[in-house]
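Novice: Sequence plus the predicted model coming up.
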Amino acid sequence: MDEVKIWALDGDSKVTPLVSRDQTDTESLLEETLVRNPDLLIPGLRLVGRQTPTDGGPLDLLGVDEDGRLVVFELKRGTLSRDAVAQIIDYASDLDAKTDVTLAEHIAANSGVGGIEAIEDFEEWYGENTDGQSLDSLRPLRLFLIGLGADERTERMVRFLAANTSMDISLLTFHGFAYDGKTLLARQVEVEAAAEPGPRRRRRPTAEERRERLKKKIEDSGVSETFSAVERMFETNWPGFSTNPTSLGLSIRFKNRSFARIDPWKGHVTIVFFGRAKTLCLDDFRQPVQEIRYETYPRNRDPLDPRAELKFPFTAEEWEQHKDRLSALTKAVYEAWKNSDQ
């Protein structure tokens, strides 16, 4: 890699070469600087994860770009080597193997770390920040290798992948310089994937279109009657709520914040309570989780952990068995919300 040099020019055309900062100093500043200023990586980038777990290990940064695509960043303290190429492909392939629903849940469950905002319902967050795009717009994933330089083999490999495969992979390097008591950061694009022709942004589906898609999903799942019964329960117990149809199910909201969701799925209906609902009246959830079959996301979490989603999946028969208990629980959540809001 060619050496990067920067000069300061004054009004008399005097040239002062800037001193390159010690690499160790730049390493300690880089990641935190990028977290606080994600535009240094990509203009308009929104970070949604830091040290997000994958089967290959935790990836450094995860974001969503202006087009709604998911971006994987691997940062190296020092010069990038070819091992970093294999590493970022490992991370990205694990995320890409997940379904849209599982990927959204994974991102939400691991957000809120290291200065990244906590996202309770990623699909809702995604729609609000991408002009209503659906989760399938997350793909194809973009990959960025970030370092304080890259060796020739790494540059060659990334250039080959960017030019000869469908992989969207780029390489960025940063360099620190000392000037007037400050540290200046220079960004250099070593390899940049070719841009796709034409805009990627999709037309925002209307509320009616989203409701029709959800209606079809409910019918295909064979749970129309049970789903309607659960929705009527919320209508009775949560006066003044609003709904938002998503690809997962029907989001139940107060003042534009989701507290629960009703999901249809192959003979089952699932009531999902988000952490903000549980936090309102945690004690009221203790008895239901002893009596009703439940799941959590992430899996194997304590059902009373406010950071985990609590799910009650049931068939039509199980709904009849537990509907009174679930109705009492939803009433308790509403009363707690009303009191806290006042």
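Specialist: Cool, got the structure.
Novice: can you give me the helices for the protein?
Specialist: For the chain, the helices defined by DSSP state H occupy 23-36, 82-96, 100-109, 122-129, 152-164, 207-221, 224-237, 275-280, 286-291, 316-341.
Novice: Out of those helices, the one nearest Val269 is which?
Specialist: Set against Val269 and scored by Cβ to Cβ, those come closest in helix 224-237, at 4.8 Å. C-beta: built from backbone N, CA, C; applies to glycine.
Novice: any idea how far the closest residue to Leu138 other than its chain neighbours is from Pro306?
Specialist: Closest residue to Leu138 apart from its sequence neighbours, by Cβ to Cβ, 6 or more residues apart in numbering: Leu70 at 4.4 Å. With distances taken as Cβ to Cβ, to the nearest Å, Leu70 is found 26 Å from Pro306.
Novice: do Glu152 as well
Specialist: Glu152 is 50 Å from Pro306, where distance means Cβ to Cβ.
Novice: More neighbours: these two, which one.
Specialist: Neighbour count, other Cβ atoms under 10 Å: between Glu152 and Pro306, Pro306 has more, with 14 against 9.
Novice: how far away is that one from Phe273?
Specialist: Counting by Cβ to Cβ, the gap from Pro306 to Phe273 is 10 Å.
Novice: Next: Asp121.
Specialist: Distance, Asp121 to Phe273, by Cβ to Cβ: 12 Å.
Novice: before we move on, what about Ile116?
Specialist: 23 Å.
Novice: do Phe234 as well
Specialist: Distance of Phe234 to Phe273, given as Cβ to Cβ: 12 Å.
Novice: so what sits against both of these two?
Specialist: Common neighbours of Phe234 and Phe273, counting by Cβ atoms under 8 Å, 6 or more residues apart in numbering, are Ala260.
Novice: In terms of neighbours, single out the busier of the two.
Specialist: A direct count of neighbours by other Cβ under 10 Å for Phe234 and Phe273 places Phe273 higher, at 24 against 20.
Novice: any idea which strand is longest in this protein?
Specialist: Identified as the longest strand of the chain according to DSSP state E is strand 168-179.
Novice: same for that strand, what does it pack against?
Specialist: strand 19-20, helix 23-36, strand 142-147, helix 152-164, strand 182-191 (3 or more Cβ pairs under 8 Å, 6 or more residues apart in numbering; DSSP states H and E).
Novice: Quick check: can you name the pairing partners of that strand and their directions?
Specialist: Using DSSP bridges, strand 168-179 pairs in its sheet with strand 19-20 (antiparallel), strand 142-147 (parallel), strand 182-191 (antiparallel).
Novice: Now do the same contact list for the spatially most central residue of the chain.
Specialist: Computing the C-alpha centroid of the chain and ranking residues by Cα atoms, centre = their mean puts Ile107 first, at 4.0 Å. By Cβ under 8 Å, 6+ apart, the contact set of Ile107 is 48-49, 52, 62, 119, 122.
Novice: For Arg261, find the nearest of the strands paired with strand 168-179.
Specialist: If we rank the strands paired with strand 168-179 by Cβ to Cβ, the stretch that ends up nearest is strand 142-147, at 28.7 Å.
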